[in-house]
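**Student:** with the sequence up front, the predicted model follows.
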Amino acid sequence: MTPVLNKMKQTLGRMKEQCDPEVFYNQFRYFLSGWKDNPALPHGLIYEGVSDKPFQFSGGSAAQVATVQCLDEFLGIRHDDRPGAFLMRMRDYMLPDHRNFIAAVGKGPSVRNFVSNSDDQELRTAYNTCVSLLRDFRSLHIRIIASYVIIPSKRAKGHQVEGLANVGTGGTGIMSFLKSVRDTTAAALLPDVSGT
């Protein structure tokens with residue numbers, strides 16, 4: 001699992017090679033925003049010829065990627081309150097087979113419980129390495145959001161995307177959500193078998 005987590009982090013770290021932060025924020029991000037929890041479209045979006053009532057759909061979000069949510073389930077990382085509810089809502093946007101697989105992993109035997117009940121320090125170290133790599137991936141995601149959203153938003157005063165500066169494309173308070181998810185991941189680290 002560690003090679004996969006390292007590759008995910010390496011790939012995410014290459015974002016700037018093909019996507020300029022200013023172009024992303026000022027030209028592309030607006031179209032990912034969706035029309036649920038979007039201050040620019042507080043009542044949603046009317047699809048003319050479909051309905052007279054507005055629809056509300058979340059925009060594209062990394063939380064809709066099955067891989068990371070599957071890793072959370074596999075490692076027994078539980079996000080509570082609003083972050084947990086948001087992550088569950090994002091599963092509605094996944095392919096049904098992906099959503100069902102994540103649910104099956106979550107209902108399966110708990111890797112976290114197995115490891116925490118074991119006296120095998122090597123097993124615990126391997127588990128903690130996976131959790132640490134997932135935490136590091138999430139920390140990198142926060143840094144990318146700072147580069148691609150927070151910093152460009154400070155230069156976009158008066159631009160159409162200005163109201164989206166602190167809102168993730170899925171509709172969350174962007175930095176508070178990401179930091180909460182990262183911190184919950186870090187809190188999943190298990191103490192050494194010796195209790196340290």
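**Tutor:** Looks like it came in fine. Numbering: from 1, shown residues only.
**Student:** and for stretch 179-194, what's in contact with it?
**Tutor:** Applying C-beta atoms under 8 Å, 6 or more residues apart in numbering, the external contacts of stretch 179-194 come out as 72, 75-80, 82-83, 87, 112, 115-116, 118-121, 124, 127-128, 131-132, 134-135, 138-139, 141-142. Placement of C-beta: from N, CA and C, glycine included.
**Student:** now the helices for the protein?
**Tutor:** Using DSSP state H, the helices of the chain run over 2-12, 15-18, 21-23, 29-32, 66-75, 81-90, 96-107, 111-116, 121-145, 151-155, 174-187.
**Student:** tell me the pLDDT at the closest residue to F55 other than its chain neighbours?
**Tutor:** Computed as C-beta to C-beta, 6 or more residues apart in numbering, the closest residue to F55 that is not its neighbour in sequence is G44, at 5.3 Å. We have a pLDDT of 90 for G44.
**Student:** could you double-check that G44 sits in contact with G34?
**Tutor:** No. G44 is beyond contact range of G34, at 9.5 Å (criterion: C-beta atoms under 8 Å).
**Student:** when these two are compared, which one has more neighbours?
**Tutor:** When G44 and G34 are compared for neighbours, G34 comes out ahead with 22 against 15, by other C-beta atoms under 10 Å.
**Student:** with adjacent residues omitted, what lies nearest to the more buried one?
**Tutor:** G59 (2.8 Å).
**Student:** my read: that neighbour touches Y30, true?
**Tutor:** No. Using C-beta under 8 Å, G59 makes no contact with Y30, being 9.4 Å away.
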